[in-house]
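Chemist: 3D, please:
(2 chains)
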Amino acid sequence: GEDVEQSLFLSVREGDSSVINCTYTDSSSTYLYWYKQEPGAGLQLLTYIFSNMDMKQDQRLTVLLNKKDKHLSLRIADTQTGDSAIYFCAESIRKDSSYKLIFGSGTRLLVRP
Amino acid sequence: GAVVSQHPSWVICKSGTSVKIECRSLDFQATTMFWYRQFPKQSLMLMATSNEGSKATYEQGVEKDKFLINHASLTLSTLTVTSAHPEDSSFYICSVDSVPDTQYFGPGTRLTVL
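Modeler: Below you'll find the model as predicted:
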């Protein structure tokens, strides 16, 4: 089946690290993604990881992928108030010659000053 | 990544009218675009895949006669909500397909049907 799950809410202090977790069910996913959505706006692609990778780092963002457990995480170092938003995890599902993204329910990150 | 715009950003209409939403890829030729809807505090639900020069592919449960999609050029896809009703009120977001299997999203259109 196609299902992506995330915790609903995370609160951290400014300057701390944030870790947002996600689990997915389709072991054939080629790519996994993290998107950020601010209030009333569209989704911003933060980063993505190919399924044969374990880790990807991009400035303050670190993505860890445990393919065996179908677990994906996003770590944000030195979290800032501007990082407050909803973070969506997504997996790509190949279908014939195309693909579609399956999104989690989103994790609302609140950064306290 | 690709820059995507949507127009209008918000629209209020009366029940029974039709509303057209445009999705433009500003710096990228998009053979494929996607249309999603998002209810408050919920995730995105894929409605359909829009293919340039051919018919859209709709997800199960999405009425193709109600949500008309036209992808006439490599930079423009339109979604028309026909005979809109209050239950169609939602946030509609489009995305363009890029490589490798990545999508860049527009800013969304908030539709309110009275």
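
Chemist: tell me the contacts of the residue of chain B found nearest chain A?
Modeler: Closest approach between chain B and chain A, counting by CB to the nearest CB: residue B:105, at 4.1 Å. (C-beta placed from N, C-alpha, C; glycine too.) Residues near residue B:105 by CB atoms under 8 Å, 6 or more residues apart in numbering or on different chains: A:35, A:42-45, B:4, B:93-95.

Chemist: Equivalent analysis for residue B:36, please.
Modeler: Contacts of residue B:36 (CB under 8 Å, 6+ apart): B:44-47, B:92-95.

Chemist: So which residues of chain A form strands?
Modeler: A:4-6, A:9-13, A:18-24, A:31-37, A:43-50, A:55-58, A:61-66, A:71-76, A:85-95, A:98-103, A:107-112 (DSSP state E).

Chemist: so the fifth one versus strand A:31-37, what angle?
Modeler: Strand A:43-50 runs at 160 degrees relative to strand A:31-37, counting by axes from the mean of the first three to the mean of the last three CA atoms, to 10 degrees.

Chemist: if we can go back for a sec, any chance of TSV for the strands of chain A, columns distance to residue B:81?
Modeler: Output for those, formatted as TSV (distance: least, CB to CB, whole Å):
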stretch	distance to residue B:81
strand A:4-6	27
strand A:9-13	32
strand A:18-24	31
strand A:31-37	22
strand A:43-50	21
strand A:55-58	37
strand A:61-66	36
strand A:71-76	34
strand A:85-95	24
strand A:98-103	21
strand A:107-112	28
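
Chemist: Ok, which of those strands comes nearest residue B:67?
Modeler: strand A:98-103 (16.3 Å; CB to CB).

Chemist: Good, we can wrap up now.
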